[in-house]
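> Sequence unavailable; structure follows:
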Ligand code: ATP
Ligand code: MG
């Protein structure tokens with residue numbers, strides 16, 4: 001799929017802007033804080049309804065504005081398509097249109113403009129805490145499987161309500177009567193998440209291992225391990241088995257959860273680790289090994305999406321190339337010969353041989 005043009009209104013630091021893009025490489029240059037990352041964020045959001053950095057929709061709306069609008073024309077599934085989002089401040093729900101028809105959920109636009117974002121923080125994702133790794137996996141899996149996206153939203157909603165009960169039950173003991181209902185639902189939806197994740201990590205690990213092997217000359221044996229709730233003996237087990245194992249686990253933590261006032265266990269604590277020849281990257285990986293593995297994971301994510309949708313997803317490289325040594329830069333660039341790519345960087349002229357250059361200054365295009 002290719003994003004042919006994009007119009008933004010009051011999105012981040014953009015007032016009103018209209019852009020056209022190349023089907024190949026688009027280089028977005030500009031000084032710091034001019035709006036380069038905001039532009040990549042807009043492209044990612046247009047296709048997924050998710051931001052890789054905003055916590056709340058309101059952050060995406062230009063300071064002082066009431067709403068933001070994103071519109072894009074896309075060539076996907078062998079035809080012209082259009083996507084449009086209107087985002088509001090406060091609690092008013094956002095609106096989505098695909099080809100002029102209003103849609104209820106982001107899942108209904110899946111596959112029109114999937115994207116993979118790669119930024120410098122991702123290079124260290126295998127070394128940080130578990131939360132950025134979960135975010136990495138969730139962003140990828142939500143785009144691949146709209147049903148996963150819906151389940152995750154539901155899980156987080158129940159989790160938030162359960163946390164509220166756990167916090168308030170001292171003052172309002174009657175709340176405890178409804179806790180089993182929340183637990184049951186949490187285990188049901190949680191089992192579904194584990195089931196999706198097990199399959200996703202299996203394919204991701206296989207694809208990433210192939211890239212890693214190419215890059216490192218096959219010297220290291222790459223393996224990805226999905227880590228979930230300890231009572232789950234096999235994440236590939238039928239969903240009902242997973243559900244009852246989660247339920248057992250919750251029961252054994254019941255008292256501790258009441259005492260601590262928070263939800264202690266469940267797939268919201270899931271993680272994954274990569275080992276090279278049996279040695280955990282998280283604990284022992286060198287910086288170079290960690291970076292190469294992260295690049296392999298991102299390329300793998302792109303490959304899984306290409307396989308799922310039959311077309312290359314859009315690749316968004318935010319400042320990442322300038323962070324890489326020439327060998328790793330070449331490796332990434334050689335892998336992205338096809339498909340549409342957006343690359344941001346601060347130094348004009350650095351990668352200009354690659355394609356069209358768009359220069360951004362204070363939320364405006366100057367070239
Ligand atoms: P760098 O090279 O440092 O990464 P950048 O060009 O990627 O810079 P962006 O992250 O896109 O910069 O941010 C540009 C500016 O947008 C920042 O100065 C930020 O304060 C501003 N900004 C972010 N959100 C909003 C918003 N909701 N309304 C107005 N301005 C915003
Ligand atoms: Mg930036």
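Thanks, I have the structure now. Small disclaimer: the values here were computed from a predicted structure and weren't measured. Ligands and ions are numbered 1, 2, ... in the order given.
> List the contacts of residue 141.
148-149, 196-197, 200 (Cβ atoms under 8 Å, 6 or more residues apart in numbering). All C-beta atoms are positioned from the backbone trio N, CA, C, and that covers glycine.
> now do residue 165
Counting by Cβ under 8 Å, 6+ apart, residue 165 makes contact with 175-176, 178-179, 182.
> if you set the cut-off to 7 Å instead, what comes out?
175, 178-179, 182 (Cβ atoms under 7 Å, 6 or more residues apart in numbering).
> Top of the residues you listed by number of neighbours, please.
With neighbours defined as other Cβ atoms under 10 Å, the most crowded of the contacts of residue 165 is residue 182; it has 19 neighbours.
> Does that residue touch residue 161 like I think?
Yes: using Cβ atoms under 7 Å, residue 182 is in contact with residue 161, at 6.2 Å.
> still on that earlier bit, ok, of the contacts of residue 141, which come out buried?
148-149, 196-197, 200 (16 or more other Cβ atoms under 10 Å).
> how much space between the residue in the stretch 51-200 of the chain that ligand 2 sits nearest to and residue 273?
Residue nearest to ligand 2 within the stretch 51-200 of the chain: residue 119 (8.0 Å; Cβ to the ion). Residue 119 sits at a distance of 21 Å from residue 273 (criterion: Cβ to Cβ, to the nearest Å).
> related to what we said a few turns ago, so which of the contacts of residue 165 are in helices?
Using DSSP state H, the subset of these located in helices is 179, 182.
> re earlier: okay, the residue of the stretch 51-200 of the chain closest to ligand 2: pLDDT?
The score at residue 119 is 92. That number is its pLDDT.
> What of residue 278?
Listed pLDDT for residue 278 reads 94.
> And it, its phi and psi?
When read as degrees, to the nearest 10, the backbone of residue 278 gives phi 80, psi 0.
> Could you pull out the strands in the stretch 151-300 of the chain for me?
222-227, 271-276, 279-280 (DSSP state E, counting those that start in this stretch).
> One more: the stretch 1-150 of the chain?
With DSSP E, counting those that start in this stretch as the criterion, the stretch 1-150 of the chain has strands at 2-11, 14-20, 25-29, 67-76, 79-88, 95-98, 101-103, 115-118.
> Relative to the fourth one, what are the paired strands and their orientations?
Looking back up the chat, that one is strand 67-76. Here strand 67-76 is paired, per DSSP bridges, with strand 2-11 (antiparallel), strand 79-88 (antiparallel).
> Tell me who's in contact with the closest residue to ligand 2 within the chain.
Closest to ligand 2 within the chain is residue 37: 3.2 Å, counting by Cβ to the ion. Neighbouring residues of residue 37 by Cβ under 7 Å, 6+ apart: 318, 344.
> in this structure, which spans are helices?
36-48, 120-123, 130-144, 146-168, 179-216, 239-252, 254-260, 281-284, 287-309, 326-335.
> mean confidence for the first one?
In this model, helix 36-48 carries a mean pLDDT of 97.
> and that helix, is it in reach of ligand 1?
Yes: against ligand 1, helix 36-48 shows contacts by Cβ under 6 Å from any ligand atom at 36-38.
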